[in-house]
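1. Here is a sequence together with a model predicted from it:
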Amino acid sequence: MRSPAERQTWVRLPVPAHVDLMIKITNTATGKKEDFKPREEGHVYMYVCGPTVYGPMHIGNVRTFVTFDVIYRYFKWKGFDVKYVQNITDVGHLTDVGQDKIINGAKKMGMGVFEFVDLMTKNYFEDLKLLNIEKPDVSPRASEHVPDMIGVIKKLIEKGYAYESNGYVYYDISKFDNYGKLSRQNPEYLEKQRKDSHGDKKHEGDFVLWFPAPDDYPMKWDSPWGKGFPGWHIECSTMSSKYLGFPLDIHGGGKDLIFPHHEDEIAQAEGASGKKFCNHWIHTEFILINNEKMSKSLGNVITARDAAKKYGKNALRYFLISSNYRNEINLTEESIECAKKTVERLIDFVDKMKELKVNSEYNQQIKEGVERAKNKFEESMDDDFNTPMALAAVFDLMNDVNKAIDENKVSKENLTEVYDFMIDIDRVLGVLQHEKEELPRDILELIVKRETLRKLANFDAADEIRKQLTDKGYGVEDGPNGPRWKKVK
Ligand SMILES: [Zn+2]
């Protein structure tokens, strides 16, 4: 195991030796926590189902995308060479009643479909930035990979896994022995869960690989089965193996995608290639809004953009990672307010490490505290990306350091080490980004005036100004290096 001294500052280059520390992942396919064994030492090939670009990203998507962003960042932090692919579904995702989500969306906006998906894709990338989510290494668009999908479908027909019927191509699930393995359900049960029904299929559970397109359909391609468009499931198995090969180390997505989407991906990819599709499946739980599932019918859908604007990206990310990704999380005004206050405390703490003037001796106990926090952080993240435990390690350190500051037992070097640690782990968490606005001129003038009054020992008048500042939404804290301000509402 490497010594903590090996990563003193955040600017260090990835050290491949880190990868000997074993990461454990709960694999949906087995229901067990397993050792992560990459197919190539030091590398991670990871695929996560991306957005269907028919409307704004909602907060349920955000939970999944932030979770995998933290996982992606953590692997890189450990020194792995990660290739992360997340698709963009801009064709073929139908509603439960068989309507195309994108064509519906474009109609509503009065736009052409391709113009519409371009705009929605642009919005999606803007939302990633807004939420401090790192861009995946490759973001393939389904509409640009239709010939690849046709190739996979042809192979499935050749191998007897798929058949054509009236312009449709279906996957025959009775031909694939492992159907239902991921959700650990028997195929008969799953067959009854399938809601679509098109053309003439052999079994109720067979799913569509290729749809025939009506004449007036704006999104269609030539194929051996006539003009049409691919199903949603075929795009993910085609694009993931095109960019990442076999087997994927990690395939992720929201829990709702296990069936049918991910079961179908496995059947397609393994049927066509004869190879294992993926070694570790990770699924994120749902987010509840005031204890209810988010749904259009309840009118409680929150978009990523509104949430980021209202709560701030740090608070939102912190809220999402403060629970284990495998537990439901309940968004309420109280829970997000609490996350906001906590993340502000963390940011204030980091600022203090940089700004505080101290002149005590170097404190060995603080150094040991930093090492303990580093080890605990890494151990927790290695244990199935346990972010709440990793955060607990950070808070333990923060309490110890604050106590030592109060007792005047820290040196500048101690503070620098703590600062470096905080910046280092934020490469994984991404919650310590400054969102402070410029201080308005009238507020600055009040703060200066108050400081002058305090120096003249006119504390009543100074308190009066503090009250005015609070009314205007600004808090002031007096420290050894002068006043610090922050927005309080
Ligand atoms: Zn997918």
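-> Arrived safely. Remember, predicted model here, so these are calculated numbers, not experimental data. Residues are numbered from 1 along each chain as shown.

2. interface residues of the chain facing the ion?
-> Cys49, Cys236 (CB under 5 Å from the ion). No exception for glycine: its C-beta is placed from N, CA and C like everyone else's.

3. Can you pull the domain assignment for the chain?
-> Domain ranges of the chain: 22-284, 306-429, 441-487, per automatic domain parsing.

4. now the ones you listed in JSON lines, with mean neighbour count and distance to Ser295?
-> Shown next, in JSON lines, are those (neighbours: other CB atoms under 10 Å; distance: least, CB to CB, whole Å):
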{"stretch": "domain 22-284", "mean neighbour count": "19", "distance to Ser295": "10"}
{"stretch": "domain 306-429", "mean neighbour count": "18", "distance to Ser295": "14"}
{"stretch": "domain 441-487", "mean neighbour count": "14", "distance to Ser295": "34"}
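
5. Let me have these in JSON lines, extended by mean pLDDT.
-> Formatted as JSON lines, those follow (pLDDT from 0 to 100):
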{"stretch": "domain 22-284", "mean pLDDT": "91"}
{"stretch": "domain 306-429", "mean pLDDT": "95"}
{"stretch": "domain 441-487", "mean pLDDT": "86"}
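
6. Make CSV out of these and add distance to Lys293.
-> Listed next are the domains of the chain as CSV, based on distance: least, CB to CB, whole Å:
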stretch, distance to Lys293
domain 22-284, 9
domain 306-429, 9
domain 441-487, 33
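
7. quick one: the closest residue to the ion within the stretch 351-489 of the chain from Ala404, how far?
-> The minimum distance from the stretch 351-489 of the chain to the ion, using CB to the ion, falls at Phe385 (20.5 Å). Distance of Phe385 to Ala404, given as CB to CB, to the nearest Å: 30 Å.

8. Next, the contact list for the most centrally placed residue in the chain, please.
-> The centre of the chain sits closest to Val66, judged by CA atoms, centre = their mean, with a distance of 1.8 Å. Val66 makes contact with Leu131, Ile133, Arg317, Leu320, Ile321, according to CB atoms under 8 Å, 6 or more residues apart in numbering.

9. tell me what the helix ranked longest in the chain is packed against?
-> With DSSP state H setting the assignment, residue counts place helix 333-355 as the longest helix in the chain. The helices and strands touching helix 333-355, judged by 3 or more CB pairs under 8 Å, 6 or more residues apart in numbering; DSSP states H and E, are helix 304-311, helix 313-321, helix 387-406, helix 412-429, strand 482-487.

10. so which of the contacts of Val66 comes closest to the ion?
-> Closest to the ion, out of all of the contacts of Val66 and judged by CB to the ion, is Ile133, at 17.6 Å.

11. quick revisit: the residue nearest to the centre of the chain looks like it's in a helix, true?
-> Yes: applying DSSP: H, G, I helix; E, B strand; the rest coil, one finds Val66 inside a helix.

12. Can you say which of the domains of the chain is nearest to Lys296?
-> Among the domains of the chain, the nearest to Lys296 by CB to CB is domain 22-284 (9.8 Å).

13. Where does Tyr47 fall, secondary structure wise?
-> strand 43-48 (DSSP states H and E).

14. Tell me the strands beside that strand, with direction?
-> strand 81-86 (parallel), strand 248-254 (parallel) (DSSP bridges).

15. Tell me how far the helix or strand following the last one lies from the chain's centre.
-> Of the helices and strands lying after strand 248-254 in sequence (DSSP H and E), the nearest is helix 263-273. Computed by CA atoms, centre = their mean, to the nearest Å, the separation of helix 263-273 from the middle of its chain amounts to 25 Å.

16. Now do helix 263-273 against strand 248-254, angle only.
-> Counting by axes from the mean of the first three to the mean of the last three CA atoms, to 10 degrees, helix 263-273 lies at 150 degrees to strand 248-254.

17. helices and strands around helix 263-273, which ones?
-> Contact analysis of helix 263-273 by 3+ CB pairs under 8 Å, 6+ apart lists helix 146-158, strand 168-171, helix 232-244 as its packing neighbours.

18. My guess is Ile173 contacts Gly271. True?
-> No: contact between Ile173 and Gly271 fails when scored by CB atoms under 8 Å: they sit 10.0 Å apart.

19. Excluding covalently adjacent residues, which one is nearest to the residue of the stretch 151-300 of the chain found nearest the ion?
-> Residue of the stretch 151-300 of the chain nearest the ion, by CB to the ion: Cys236 (3.2 Å). Leaving aside its sequence neighbours, Cys236 sits nearest to Glu265 (CB to CB, 6 or more residues apart in numbering; 5.1 Å).

20. Return the alpha-carbon coordinates of stretch 222-234 using PDB.
-> In PDB, the C-alpha atoms belonging to stretch 222-234 read as follows (Å, rounded to 0.1, in the frame of the first residue of the first chain):
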ATOM      1  CA  ASP A 222     -32.500   2.900 -45.100                       C
ATOM      2  CA  SER A 223     -32.100  -0.700 -43.900                       C
ATOM      3  CA  PRO A 224     -32.400  -4.300 -45.300                       C
ATOM      4  CA  TRP A 225     -35.900  -4.300 -43.700                       C
ATOM      5  CA  GLY A 226     -37.100  -1.000 -45.300                       C
ATOM      6  CA  LYS A 227     -37.000   2.600 -44.100                       C
ATOM      7  CA  GLY A 228     -37.100   2.800 -40.400                       C
ATOM      8  CA  PHE A 229     -35.300   3.500 -37.200                       C
ATOM      9  CA  PRO A 230     -33.500   1.500 -34.400                       C
ATOM     10  CA  GLY A 231     -34.900   0.700 -31.000                       C
ATOM     11  CA  TRP A 232     -33.500   2.400 -27.900                       C
ATOM     12  CA  HIS A 233     -31.900  -0.700 -26.500                       C
ATOM     13  CA  ILE A 234     -29.700  -1.600 -29.500                       C
END
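
21. Make residue 1 into 24 and carry on from there
-> Noted, 24 is the first residue going forward, which turns the last one into stretch 245-257.

22. quick one: that stretch to chain centroid distance?
-> That offset, for stretch 245-257, works out to 31 Å (CA atoms, centre = their mean).

23. hmm, who's touching the longest helix of the chain?
-> Helix 356-378 is contacted by residues 334-335, 337-339, 341-342, 345, 417, 421, 424-425, 428, 438-439, 441-442, 445-446, 454-455, 457, 504, 507, 509 when judged by CB under 8 Å, 6+ apart.

24. Just want the angle from that helix to helix 336-344.
-> Calculated by the same axes, to 10 degrees, helix 356-378 forms an angle of 120 degrees with helix 336-344.
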